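Peer 1: Need coordinates for the below:
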Amino acid sequence: MSSLTFTPDGLGHGLYTETIPLGAIGQLQIERATLIEFNNETQYWRVYDHEGFPLFNSPSREACLEWERQHLEWNHELQHRDRAVAIGA
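Peer 2: Here you go, the predicted model:
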């Protein structure tokens, strides 16, 4: 399950889905968290982080997209819990 977190200055952060029409509340700034590309030599799709480090691969692009979503949701939830613990929530 995706969640949104907000900073004190009112900026929201989270994984984008179309479940909530976020464009209705203001201008969106969306950045891809990973890069998913097809490797012609291996015939696999590969997920890369921003530094170009390979994170996951599959012959299925859909499997890469699903892995990406689960991986990013897990990381987002972990960061949110760490912040809550740090501030004593």
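
Peer 1: Work out which residue lies at the spatial centre of this structure.
Peer 2: Here the mean C-alpha position of the chain is nearest to the C-alpha of L72 (CA atoms, centre = their mean), at a distance of 3.9 Å.

Peer 1: So which bits of the helix or strand harbouring it are buried?
Peer 2: According to DSSP states H and E, L72 maps onto helix 61-86. The neighbour-count check on helix 61-86 (16 or more other CB atoms under 10 Å) flags C64, W67, E68, E73, H76 as buried. (Glycine included, C-beta is placed from N, CA and C.)

Peer 1: got it, and stretch 46-57?
Peer 2: The neighbour-count check on stretch 46-57 (16+ other CB under 10 Å) flags R46, V47, F56, N57 as buried.

Peer 1: Sort out which one of the buried residues of helix 61-86 lies nearest E41 for me.
Peer 2: Taking CB to CB as the measure, E41 lies nearest C64 of those, at 16.7 Å.

Peer 1: So the closest one sits against R46, correct?
Peer 2: Yes - here C64 reaches R46: they are 7.3 Å apart, a contact under CB atoms under 8 Å.

Peer 1: Next, show the common contact partners of those two.
Peer 2: Both C64 and R46 are contacted by I36, F56, N57, under the criterion CB atoms under 8 Å, 6 or more residues apart in numbering.

Peer 1: In strands, which of the residues you listed fall?
Peer 2: Per DSSP state E, strands hold the following members of the shared contacts of C64 and R46: I36, F56, N57.

Peer 1: Bridged to the first one, which residues?
Peer 2: For I36, the beta-bridge partners under DSSP bridges are V47.

Peer 1: That one and I30, how far apart?
Peer 2: Counting by CB to CB, to the nearest Å, the gap from I36 to I30 is 15 Å.
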